[in-house]
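[1] Have a look at this prediction, sequence included:
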Amino acid sequence: MFTNIDTFLPYILGGLTTTVQAFLFGAVLAYSIAIVAGLARTSRLAIVRGVATVFVELFRGTSLLVQMFFFAFAFPALMPFTMSTFIAGGLALGLNYGAYASEVVRGAVLAVPKGQKEAAISLNMSKFQTMRRVVLPQAFRLMLPGLGNNAIELLKGTSLVYFISLADMTFNANILRSSNTSLVSQVEIYTYLLLVYFVLALPLVFLTRWLEKRASKGVSTA
Amino acid sequence: MTWDWAFAFEIFPRILQGVGVTIGATFSAFAISLTLGLVLTLLRRSSFKPLSLTVAGIIEFIRVTPPLVQLFFVYFAFDMGPFLTGAIVLGVHYSTYVSEVYRSGINSVPKSQWEASRALNFSPVQTWRKVVLPQAIPPIIPMLGNYLIILFKETPLLMGIYVTEMMMIARSIGAETYRFLEPITIVGFIFLVLSYPCALFIRYLERKSGQIPGSAEKGVKA
């Protein structure tokens, strides 16, 4: 057992680039959407709030894999332009996790004590100033641990691009499995794959832990 | 290609046949995660350090590696049926999240409650059963409900190991007819219709028990 590491592991790692690219594409999109949608959901304008709410509920209420299939197979039929499967997968990851992360942003903004906003008003700050100088700096600190956990979930979610035939690590592992059908090899292949995902996630885990610790340090909670 | 109502109505009953499997898998997995989650929480609290550290390590490993890869691993390593494999793997995966929820519930029970049980000469089993758990469980019910919904939306992954749930049926319809738009949209619609009312109900429970908004969402540590 575990004797084929020199042939199996490099083959699985051949998909590393795709996995990391999908992760980065998804993360950039997800966090941009999270900030915009999260703030929009705390807006005073009902129309802005309504649009953001529909978006968030739609992407949280349907499943990630369903969305990925939609963007990869159904969307191209509707649109006049073609879209690569990578873009389709990245879009689904970004929009889905963006919707989840926007809840973290919203929760953090709402968790900033009301007195802070009132103090800003009494100091004659404009709405924009209040947001930029009072609310966001405090909310940002609160949302970091949540966003870190979100990144871990996103990394796990990238394995789903296997279903739309993007050659990520999971896809490569399954190709290996179809040509090495003995039980021992199959267990070996998936053990390596799990370990690689674990190693990739570790920095994110430690980063999140560190952010959690930092978020509660040196700040009065009263 | 545009939306074809006749085709949609034709395939709707066929997709609906998969709902039973989806819901069955959700509840089987949830039952496993509720039970195993409690066991994990208790083991992690053990004063025997090697045990609690090992359990913490196992929880972390299961938590940060993709459930899809775990499904493949168990499916090809053990000779179980696809449905059973799916329920067990998703159940074990989410038990690591559920154990975090239990932990937060147990930690919120004031220390004086433990001391009082001790003063009344309660045995450890009595303390847990009559004092700690009755106070720890009710506040976390909304959070557990959230994980039930998240678990429900993870079930399309089971098509990776050939469980004939909704998404699997939708994909085979797409492969037969070359029309993906209707089947995938229908699956998304069914997910939304089933999960959104539950989500609203849980938010109502959350408001009643005074939870912070978004605190039990996907990607946020409880």
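    In hand now; what should we look at? Residues are numbered from 1 along each chain as shown, chains lettered A, B, ... in the order given.
[2] C-alpha only now, for contacts and for neighbours.
    Fine.
[3] Tell me how many other residues surround residue 126.
    No chain in the question, so chain A it is. 11 (other Cα atoms under 10 Å in any protein chain shown).
[4] wrong one, chain B
    B:Gln126: 12 surrounding residues under other Cα under 10 Å.
[5] Is the residue most central in space within chain B in a helix, a strand, or coil?
    Central residue of chain B (Cα atoms, centre = their mean): B:Leu151, 3.6 Å from the mean position. Three-state assignment for B:Leu151 (DSSP: H, G, I helix; E, B strand; the rest coil): helix.
[6] Please name the residues that touch the closest residue in space to it that isn't next to it in sequence.
    Using Cα to Cα, 6 or more residues apart in numbering or on different chains and skipping residues adjacent in sequence, the residue nearest B:Leu151 is B:Thr26, 6.3 Å away. By Cα atoms under 8 Å, 6 or more residues apart in numbering or on different chains, B:Thr26 lies in contact with B:87, B:148, B:151-152, B:155.
[7] Does the residue nearest to the centre of chain B touch B:Ile32 like I think?
    No - B:Leu151 lies out of contact with B:Ile32 (Cα atoms under 8 Å); the separation is 11.8 Å.
[8] Tell me if the one helix or strand in chain A whose mean pLDDT sits lowest is near chain B.
    Among the helical and strand segments of chain A, the one scoring lowest on mean pLDDT, DSSP states H and E is helix A:75-78, with a mean of 80. Yes - using Cα under 8 Å from any Cα of the partner chain, helix A:75-78 comes into contact with chain B via A:75, A:77-78.
[9] And the helices in chain A?
    Secondary structure of chain A (DSSP state H): helices at A:5-13, A:16-40, A:46-61, A:64-69, A:75-78, A:85-111, A:114-122, A:127-129, A:136-157, A:169-179, A:183-215.
[10] worst average pLDDT in the ones you listed?
    Mean pLDDT values for these show the minimum at helix A:75-78, a mean of 80.
[11] can you list the residues that contact that helix?
    By Cα under 8 Å, 6+ apart, helix A:75-78 touches A:82-83, B:1-2, B:181.
[12] swap in stretch B:168-187?
    By Cα under 8 Å, 6+ apart, stretch B:168-187 touches A:66, A:69-70, A:73-75, A:77, B:3-4, B:7-8, B:11-12, B:14-15, B:18, B:156, B:159, B:162, B:166-167.
[13] likewise stretch B:121-129?
    B:114, B:117-118.
[14] avg pLDDT for it?
    Mean predicted confidence for stretch B:121-129 is 92.
[15] Show me which positions of it end up buried.
    B:127-128 (16 or more other Cα atoms under 10 Å in any protein chain shown).
[16] now swap in stretch B:44-59 and tell me
    B:44, B:52, B:55-56, B:59.
[17] Redo those as a markdown table? Include pLDDT, distance to B:Val131 and secondary structure.
    Converted to a markdown table, the buried residues of stretch B:44-59 look like this (pLDDT from 0 to 100; distance: Cα to Cα, whole Å; DSSP: H, G, I helix; E, B strand; the rest coil):
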| residue | pLDDT | distance to B:Val131 | secondary structure |
| --- | --- | --- | --- |
| B:Arg44 | 93 | 20 | helix |
| B:Ser52 | 94 | 23 | helix |
| B:Val55 | 95 | 25 | helix |
| B:Ala56 | 94 | 25 | helix |
| B:Ile59 | 95 | 27 | helix |
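[18] so can I have a markdown table of those showing distance to chain A?
    Listed next are these as a markdown table, based on distance: Cα to the nearest Cα, whole Å:
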| residue | distance to chain A |
| --- | --- |
| B:Arg44 | 18 |
| B:Ser52 | 19 |
| B:Val55 | 16 |
| B:Ala56 | 13 |
| B:Ile59 | 12 |
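[19] May I ask which two of the residues you listed are separated the most?
    Put simply, by Cα to Cα the two of these set farthest apart are B:Ser52 and B:Ile59, 10.5 Å from each other.
[20] which regions of chain B sit below the pLDDT cut-off?
    Residues of chain B meeting the criterion pLDDT under 70: B:1, B:209-222.
[21] what's the single longest helix in it?
    helix B:181-209.
[22] Figure out how far it is from the centre of its chain.
    Distance of helix B:181-209 from its chain centroid, counting by Cα atoms, centre = their mean, to the nearest Å, is 15 Å.
[23] which non-adjacent residue is nearest A:Arg141?
    The shortest distance from A:Arg141 to any non-neighbouring residue, by Cα to Cα, 6+ apart, is to A:Ala215 (5.6 Å).
[24] what's around that neighbour, how many residues?
    17.
[25] Might you report the residue contacts of it?
    A:Ala215 neighbours (Cα under 8 Å, 6+ apart): A:141-142, A:144-145.
[26] go with 10 Å
    Contacts for A:Ala215 (Cα atoms under 10 Å, 6 or more residues apart in numbering or on different chains) come out as A:138, A:140-145, A:209.
[27] Mark which of these are buried, thanks.
    Buried members of those, scored by 16+ other Cα under 10 Å, are A:138, A:140, A:142-145.
[28] If we only consider those residues, which is nearest to chain B?
    The closest of these to chain B turns out to be A:Pro145 (Cα to the nearest Cα; 7.6 Å).
[29] distance of the closest one from B:Tyr162?
    Distance of A:Pro145 to B:Tyr162, given as Cα to Cα, to the nearest Å: 36 Å.
[30] Write the ChimeraX selection for whichever of the contacts of stretch B:168-187 are buried.
    Buried members of the contacts of stretch B:168-187, defined by 16+ other Cα under 10 Å, are picked up in ChimeraX with:
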select /A:66,69,70,73,74,75,77 /B:11,12,15,18,156,159,166,167
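[31] Pull out the buried residues from stretch A:77-95.
    Those would be A:77, A:85-86, A:88-95, for stretch A:77-95 by 16+ other Cα under 10 Å.
[32] Now the two most distant members of those residues.
    The largest separation in those, counting by Cα to Cα, is between A:Ala77 and A:Gly94 at 21.1 Å.
[33] Mind checking which of the contacts of stretch B:121-129 are buried?
    B:114, B:117.
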